[in-house]
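Participant: no FASTA, just this:
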């Protein structure tokens, strides 16, 4: 639990101004069900989201995204990043590429183009 508390405090220290209204998604691990965690989210204007019990598919899009990110930006390429800022810049660039250009086979388009398509056809 100490690790989760430390992570949450670092999140606030680094991104506190952007957290209002953001969604914190997790599985149903015991640490995320604790009152202190729920109070912490509320205190910082964050919304709690949890996977349904026993449904690993709720997390699969997120797990896939982060798996791709690590595979394409980091693993085997650690030597490219001299500083954390170099790594951060590479991650931001990759996320932009992923959202706007990279084709997701299931969507037959990039996520951003698919979202634009959906908005036009709803």
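Facilitator: Nice, thanks for sending it over. What you see is a predicted model, and the numbers here were worked out from it, not measured in a lab.
Participant: what mean pLDDT does stretch 9-29 have?
Facilitator: Averaging pLDDT along stretch 9-29 gives 88.
Participant: Against residue 5, how distant is residue 42?
Facilitator: Distance from residue 42 to residue 5, counting by Cβ to Cβ, to the nearest Å: 15 Å. From N, CA and C alone the C-beta is placed, and that goes for glycine too.
Participant: following the lengthiest helix in the chain, which helix or strand comes up?
Facilitator: Longest helix in the chain by number of residues (criterion: DSSP state H): helix 84-100. Scanning forward in sequence from helix 84-100 by DSSP states H and E, the next helix or strand is helix 111-120.
Participant: ok so, going back, by contact count, what packs against the longest helix of the chain?
Facilitator: helix 60-69, helix 111-120 (3 or more Cβ pairs under 8 Å, 6 or more residues apart in numbering; DSSP states H and E).
Participant: distance between the last one and the chain's centre?
Facilitator: Put plainly, it is helix 111-120. Chain-centre distance of helix 111-120: 20 Å, with Cα atoms, centre = their mean, to the nearest Å.
Participant: same thing with the first one?
Facilitator: Relative to the chain's own centre, helix 60-69 is displaced by 9 Å; criterion: Cα atoms, centre = their mean.
Participant: buried set for that helix?
Facilitator: Neighbour counts over helix 60-69 (16 or more other Cβ atoms under 10 Å) mark residue 69 as buried.
Participant: Now do it: everything it contacts.
Facilitator: 25, 91, 94, 95, 98 (Cβ atoms under 8 Å, 6 or more residues apart in numbering).
Participant: Compute the inter-axis angle for it and helix 111-120.
Facilitator: Counting by axes from the mean of the first three to the mean of the last three Cα atoms, to 10 degrees, helix 60-69 lies at 150 degrees to helix 111-120.
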